[in-house]
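Novice: Sequence isn't available, so here's the structure alone:
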């Protein structure tokens with residue numbers, strides 16, 4: 001069923017989120033480039049820490065997205081929002097602390113995995129600065145989820161752009177050391193990332209307290225409500241777990257590609273970067289869908305629940321098609337940004353059709369997964385990802401050895417497609433249960449649920 005209104009709402013909410021994500025990605029690339037010029041040991045230490053930091057922050061962000069479907073149905077009711085916001089903060093503290101501890105433990109883990117002593121010595125306070133950044137990002141993510149659910153995606157974008165500007169500016173000043181300024185290397189990069197996280201968190205919290213229906217109200221965490229926090233965690237933690245499983249298996253694929261050859265590892269890394277740039281558009285669309293689905297789920301309107309997901313699928317596929325077409329048209333200049341080696345560039349170009357297949361299937365599974373988020377049913381997404389990506393991880397090395405990178409990327413596209421299918425089936429089943437639980441009036445139309453009820457009940 002066509003729903004132009006839903007499509008436009010999704011586009012307006014998703015576009016700022018995508019811009020914000022691209023800006024954060026650009027800031028990370030700046031740090032990598034500057035540290036690469038500073039020294040190979042600094043870059044290696046940065047890569048080792050970020051290898052834990054990136055999945056940690058993604059897990060935190062995923063877990064806090066579980067707050068969105070609880071918030072969206074109560075946009076105009078501050079009294080109902082405040083307990084949810086407070087419980088979301090406590091969930092952020094809990095998940096953030098665990099993930100921050102993992103980042104702080106990088107020196108210890110690095111020693112256990114045989115990382116060179118020179119790289120470990122270079123780490124210094126960097127892991128601790130990034131651990132604090134994880135905590136800040138957790139608090140920021142709790143505010144971001146509420147802002148998106150309340151329709152303030154543009155404010156999230158503004159906060160993200162300012163935070164990125166801070167990160168890039170400080171990285172140039174503290175890492176590159178232009179002119180007579182000293183270069184602080186990895187420590188400078190840590191300070192830039194920490195300052196960026198602090199600014200982004202402050203701006204998002206300010207927007208939540210001053211620019212929404214919560215303006216003028218006290219929303220300090222206060223004493224935790226264990227039952228409310230647990231309700232949020234039941235939706236958020238499987239989301240975080242899904243992200244963690246995906247990152248872990250993608251790491252296994254990188255290892256499998258590296259077994260083929262050094263060139264294959266480089267081609268795989270460049271291709272993954274291209275996927276991430278395009279795929280984040282689908283993630284932005286998925287986040288924009290959640291408030292719409294959650295509101296329709298509160299009213300138990302199964303037709304509009306499903307039409308929102310179909311609208312999101314169309315928007316996501318259109319975005320991926322536009323970005324993918326741009327990549328194909330500008331393939332040489334774009335790929336040239338990642339490598340200056342002609343042989344590697346040719347290999348990446350030959351792999352592009354499979355890269356785009358992975359992006360499309362990844363977008364489909366993401367949209368179906370976010371549909372389940374709107375229904376507060378995230379367990380099926382975790383199971384689907386764990387099963388199909390678990391099989392992918394088990395087969396990755398044999399497939400890579402037998403069929404090279406094309407075989408590995410074909411297997412990844414198949415795993416994504418299977419995820420999309422199983423998540424869609426789960427979404428249809430759970431949305432049908434919502435519709436089946438609603439009594440019908442004489443004309444057969446669905447009767448709205450009692451305010452305050454929800455599909456989780």
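Specialist: Cool, got the structure. Note that the structure is predicted; figures quoted are calculated from it, not measured.
Novice: Which stretches in the chain count as strands?
Specialist: In the chain, no strands are defined using DSSP state E.
Novice: Just want the most central residue of it.
Specialist: residue 58 (5.3 Å; CA atoms, centre = their mean).
Novice: ok, now which ones touch the nearest residue to that residue once chain neighbours are set aside?
Specialist: Ranked by CB to CB, 6 or more residues apart in numbering and with sequence neighbours excluded, the top spatial neighbour of residue 58 is residue 243, at 4.8 Å. The C-beta positions use only the backbone N, C-alpha and C, and glycine is treated the same way. Applying CB atoms under 8 Å, 6 or more residues apart in numbering, one finds that residue 243 lies in contact with 55, 58, 59, 61, 62.
Novice: Check the residues you listed against residue 356 and report the nearest one.
Specialist: residue 58 (22.7 Å; CB to CB).
Novice: what sits against that closest one?
Specialist: Residues in contact with residue 58 (CB under 8 Å, 6+ apart) are 243, 244, 247.
Novice: Poorly predicted segments of the chain, please.
Specialist: Scanning the chain for pLDDT under 70 picks out 1-4, 36, 38, 339, 437-457.
Novice: one more time with 50
Specialist: Along the chain, segments meeting pLDDT under 50 span 440-457.
Novice: so how far is residue 35 from residue 243?
Specialist: According to CB to CB, to the nearest Å, residue 243 stands 26 Å off from residue 35.
Novice: hang on, I meant residue 132
Specialist: From residue 132 over to residue 35 the distance is 19 Å, taken as CB to CB.
Novice: These two: which is more packed in?
Specialist: Applying other CB atoms under 10 Å to residue 132 and residue 35 shows that residue 35 carries more neighbours, namely 24 against 19.
Novice: My read is that that one contacts residue 44, right?
Specialist: No: counting by CB atoms under 8 Å, residue 35 does not reach residue 44; the two are 9.2 Å apart.
Novice: what's the residue nearest to residue 253 when sequence neighbours are not counted in contact with, if anything?
Specialist: Among residues not flanking residue 253 along the chain, residue 396 sits closest, at 5.4 Å (CB to CB, 6+ apart). Taking CB under 8 Å, 6+ apart, we find residue 396 in contact with 249, 252, 253, 255, 256, 408, 411.
Novice: Identify each buried residue in stretch 211-229, please.
Specialist: For stretch 211-229, the neighbour count (16 or more other CB atoms under 10 Å) marks 212, 214, 219, 228, 229 as buried.
Novice: again with stretch 181-198
Specialist: 183-198.
Novice: Pull the distance from that stretch to the chain's centre.
Specialist: A distance of 24 Å separates the centroid of the chain from that of stretch 181-198, by CA atoms, centre = their mean, to the nearest Å.
Novice: Now do it: everything it contacts.
Specialist: For stretch 181-198, contacts defined as CB under 8 Å, 6+ apart pick out 27, 31, 34-35, 38-39, 42, 45-46, 122-126, 129-130, 132-133, 136-137, 140, 163-164, 166-171, 173-177.
Novice: wait, which of the contacts of residue 243 is closest to residue 11?
Specialist: residue 61 (21.6 Å).
Novice: With residue 338 as the reference, measure out to that closest one.
Specialist: 25 Å.
Novice: what do you get for residue 418?
Specialist: Distance from residue 418 to residue 338, by CB to CB: 29 Å.
Novice: Quick check: closest non-adjacent residue to residue 268.
Specialist: Per CB to CB, 6+ apart, closest to residue 268 is residue 257, 3.7 Å.
Novice: To clarify, my last question referred to residue 21.
Specialist: Spatial nearest neighbour of residue 21, excluding adjacent residues (CB to CB, 6+ apart): residue 280 at 4.5 Å.
Novice: List the contacts of that neighbour.
Specialist: 18, 21, 22, 25.
Novice: Near the closest residue to residue 379 other than its chain neighbours, how many other residues are there?
Specialist: Closest residue to residue 379 apart from its sequence neighbours, by CB to CB, 6+ apart: residue 238 at 5.2 Å. The tally of other residues near residue 238 (other CB under 10 Å) stands at 24.
Novice: Please tell me how far the top helix by length along the chain is from the chain's geometric centre.
Specialist: The longest helix of the chain (DSSP state H) is helix 379-436. Chain-centre distance of helix 379-436: 18 Å, with CA atoms, centre = their mean.
Novice: swap in stretch 26-41?
Specialist: 22 Å.
Novice: again, but for stretch 53-65
Specialist: So, by CA atoms, centre = their mean, the centroid of stretch 53-65 is 7 Å from its chain's centroid.
Novice: That one: which residues count as buried?
Specialist: 53, 55, 56, 57, 58, 59, 60, 61, 62, 63, 64, 65.
Novice: Just send these back as CSV, with distance to residue 78 too.
Specialist: Output for these, formatted as CSV (distance: CB to CB, whole Å):
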residue, distance to residue 78
53, 35
55, 35
56, 32
57, 30
58, 31
59, 30
60, 26
61, 25
62, 27
63, 24
64, 20
65, 22
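Novice: List just the nearest of these to residue 263.
Specialist: Scanning the buried residues of stretch 53-65 for proximity to residue 263, where the rule is CB to CB, the winner is residue 55, at 25.8 Å.
Novice: Alright, I will stop here.
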